[in-house]
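Enquirer: My questions are about this predicted structure, shown below with the sequence.
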Amino acid sequence: MNREPVTDSAINQARGMVYQLLSSLFAKEVDHQLLHELTGERAQGFLAQLASEQAFKSDVDTLVSVLNTLKSDKALLELAADYCGLFLVGTKHSASPYASLYLDDAQTGTDDEPTLFGEQHQLMLQFLKQSQLQVQSSFPEPADHLAVILAYAAHLCNTSDEAAQLEFIESYLNNWIGNFAAKVTQCDSGQFYSALTRLTQSWIQAEVTGLRAEQ
């Protein structure tokens, strides 16, 4: 089925914005600047539009609810502590957001600790280089960090055909996001990052379904 080019462009731009939003929330803790952006009129309208889809509504509503409670430095610090405990400390009680920690272990079938800056990192670096992109120096993380992968998916929404997008999403997101989401749900002491990860998983699943239907 052929759609009007303008419609295609608008849809792909909106899809890219969702990936960018998710990426920004996994890239760092919510600080005053990010909170200001997320609670602004434009972002709130975008989130409301996303919540109009039933599959996303519950988790978007949770994110908005938590953001609206961040009225003090203490509340922001508590959410930042949740972020640190989940994504930065790298213990068995955390949910490190690196593809290699889920894909390499599943592929080798061993219990050996996967190596950061390993195969998945190198593969993502190749993708970035092909697109003349790079991980910002202010983000000193392996390239297989979820935030980087989501940002690259956003880039593909506006630069690649649907077959290429589907291949990337299936190979570098959909095949490990479920295990990551389960780990976050298990370890999260609050609500925000569990909701964020569930939303990310639901979004990726919807993307795969939609892109497959276009093939």
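Expert: That came in fine, so what should we check first?

Enquirer: Going by C-alpha atoms from here, please, whenever you check contacts or count neighbours.
Expert: OK.

Enquirer: Burial check on Ser65, number of neighbours?
Expert: 13 (other C-alpha atoms under 10 Å).

Enquirer: Which residues does the host helix or strand of it contact?
Expert: Remark: Ser65 resides in helix 54-67, with elements defined by DSSP states H and E. Here helix 54-67 makes contact (C-alpha atoms under 8 Å, 6 or more residues apart in numbering) with 35, 38-39, 47-48, 50-51, 191-192, 195-196, 198-199, 202-203.

Enquirer: Okay, and which of these map to strands?
Expert: Judged by DSSP state E, those include no members of strands.

Enquirer: buried residues in the helix or strand in which Leu21 is found?
Expert: Per DSSP H and E, Leu21 falls inside helix 5-27. Judged by neighbour count using 16 or more other C-alpha atoms under 10 Å, the buried positions of helix 5-27 are 12, 14-27.

Enquirer: do the same with stretch 35-44
Expert: Residues of stretch 35-44 classed as buried: Leu35, Leu38 (neighbour count, 16+ other C-alpha under 10 Å).

Enquirer: Show me the shaky parts of the protein.
Expert: Applying pLDDT under 70 to the chain flags residues 1-7, 104-118, 131, 133-140.

Enquirer: same thing but at 90, please
Expert: Flagging of the chain using pLDDT under 90 yields the residue ranges 1-9, 89-94, 100-143, 189, 214-215.

Enquirer: Tell me how far the helix holding Leu21 lies from the chain's centre.
Expert: 12 Å (C-alpha atoms, centre = their mean, to the nearest Å).

Enquirer: so what does that helix touch, helix or strand wise?
Expert: The contact analysis (3 or more C-alpha pairs under 8 Å, 6 or more residues apart in numbering; DSSP states H and E) places helix 5-27 against helix 146-159.

Enquirer: Kindly format the C-alpha coordinates of the helix it packs on as PDB.
Expert: This file holds the C-alpha atoms of helix 146-159, laid out as PDB (Å, rounded to 0.1, in the frame of the first residue of the first chain):
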ATOM      1  CA  LEU A 146      20.500   1.300  25.100                       C
ATOM      2  CA  ALA A 147      20.500   5.100  24.800                       C
ATOM      3  CA  VAL A 148      22.900   4.900  21.800                       C
ATOM      4  CA  ILE A 149      20.900   2.100  20.100                       C
ATOM      5  CA  LEU A 150      17.600   4.000  20.500                       C
ATOM      6  CA  ALA A 151      19.200   7.200  19.200                       C
ATOM      7  CA  TYR A 152      20.500   5.300  16.100                       C
ATOM      8  CA  ALA A 153      17.000   3.800  15.500                       C
ATOM      9  CA  ALA A 154      15.700   7.400  15.600                       C
ATOM     10  CA  HIS A 155      18.200   8.300  12.900                       C
ATOM     11  CA  LEU A 156      17.200   5.300  10.800                       C
ATOM     12  CA  CYS A 157      13.500   6.400  10.900                       C
ATOM     13  CA  ASN A 158      14.400   9.400   8.700                       C
ATOM     14  CA  THR A 159      17.200   8.100   6.600                       C
END
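
Enquirer: And for the next helix or strand after that helix, what's in contact with it?
Expert: Downstream of helix 146-159, the first helix or strand assigned by DSSP H and E is helix 162-169. With contact meaning C-alpha under 8 Å, 6+ apart, helix 162-169 is reached by Ala153, Leu156, Cys157, Ile204, Val208, Leu211, Arg212, Glu214, Gln215.
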